[in-house]
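1. return a 3D structure for these sequence lines:
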Amino acid sequence: MQTFLQSAREAALTAGGLLRAHFEKELQVDANETYDIKLELDRRSQGLIETLLLEHYPDHAIYGEEGTRGDASSLYQWIVDPIDGTVNFFYGIPHFAISIALRREKEILVGVIYDPMRDELWEVEKGSPPLLNGIPISVSKRNSLSDAIVSVGVSKSVESIDRGMPLFQKMVRSAKKCRMMGSASLDIAYVACGRLDAYIENQISLWDVAAGILLVEAAGGQIEMKPHSTISEKYSIVASSGSIPLDL
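-> As a prediction, the model looks like this:
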């Protein structure tokens, strides 16, 4: 019988093949917005993931960046980002990922993040060790902010930029290095495996980070996530090793 983790892995790897095949090729743009781009390939990648998951679990729901499908009343909901880092993808920057998580009510059971360009697959099942390409991972043991690498995300709005830039400036002055990389799911996966010490963003969608939340917690890190005060279905998040004082 297909397990939830096997299904998520299969869907992520298959969608990753689709993205690799179209990287640096001509792309159809659905919408070119001020701080974002929507591609026809986003819809096609999510459609492929939906088809694979609903084939195994037709009574489940799917909640993703490109809309929802399945049984909306189901206790089981797959949370999908079919291309996290679409702007990077469009400009030929090989730093983007597919993120797939499964939650039952409010509990995340499974998380998979796949970087198809580096062929790196992070996966975790609740109660089991998190893995990167089959090898157990853990968060960084660094305990000083001056030795840490911190990623600060800035979302697709003027408000997010206005709130994020002062934090970025603070981290630039305090941390060893500060990064702004353009893919939330990879940022949080990098925290889980110790490449980054923290990832901070003040306006993020659940599909960007759901898989990574379980990864970081299973790898020994900490997650602080709060609903946005004015924007529905947006959140602020701090994902960290738990070993460095961030003083936000």
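2. contacts, neighbours, all on C-alpha from now
-> Will do.
3. which helix runs longest in the chain?
-> helix 4-22 (DSSP state H).
4. now do the SS call for L27.
-> coil (DSSP: H, G, I helix; E, B strand; the rest coil).
5. that one is in contact with K38, isn't it?
-> No: at 10.4 Å, L27 does not count as touching K38 under the criterion of Cα atoms under 8 Å.
6. more neighbours: which of the two?
-> Ranked by neighbour count (other Cα atoms under 10 Å), L27 and K38 place K38 first, with 18 against 12.
7. who are the packing partners of the strand or helix carrying the more buried one?
-> Here K38, judged by DSSP states H and E, is contained in strand 37-39. On a contact count with 3 or more Cα pairs under 8 Å, 6 or more residues apart in numbering; DSSP states H and E, strand 37-39 meets strand 29-32, helix 86-90.
8. buried residues in the longest helix of the chain, which are they?
-> 4-5, 7-16, 18-19 (16 or more other Cα atoms under 10 Å).
9. tell me the phi and psi of the spatially most central residue of the chain?
-> Closest to where the C-alpha atoms of the chain average out (Cα atoms, centre = their mean) is S185, at 2.1 Å. Dihedral angles of S185 (phi, psi; degrees, to the nearest 10) stand at phi -60, psi -40.
10. quick one, domains of the chain?
-> 4-136, 145-240 (automatic domain parsing).
11. confidence-wise, which of those domains is weakest overall?
-> Of all those, the minimum mean pLDDT falls on domain 145-240 (a mean of 90).
12. could you pull out the helices in this protein for me?
-> Under DSSP H, the chain gives helices at 4-22, 40-56, 86-90, 158-174, 184-192, 206-218.
13. now the angle between helix 40-56 and the longest helix of the chain, please.
-> On the basis of axes from the mean of the first three to the mean of the last three Cα atoms, to 10 degrees, helix 4-22 is oriented at 150 degrees to helix 40-56.
14. centre of the chain versus helix 4-22, how much separation?
-> Distance, stretch centre to chain centre, for helix 4-22: 15 Å (Cα atoms, centre = their mean, to the nearest Å).
15. for A189, which non-adjacent residue is spatially closest?
-> Nearest residue to A189 in three dimensions, chain neighbours excluded: G212, at 5.7 Å (Cα to Cα, 6 or more residues apart in numbering).
16. which ones are touching that neighbour?
-> 111-113, 185, 188-189, 192 (Cα atoms under 8 Å, 6 or more residues apart in numbering).
17. JSON lines for those, including distance to H60?
-> As requested, those are exported to JSON lines (distance: Cα to Cα, whole Å):
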{"residue": "G111", "distance to H60": "16"}
{"residue": "V112", "distance to H60": "17"}
{"residue": "I113", "distance to H60": "20"}
{"residue": "S185", "distance to H60": "23"}
{"residue": "I188", "distance to H60": "26"}
{"residue": "A189", "distance to H60": "26"}
{"residue": "A192", "distance to H60": "28"}
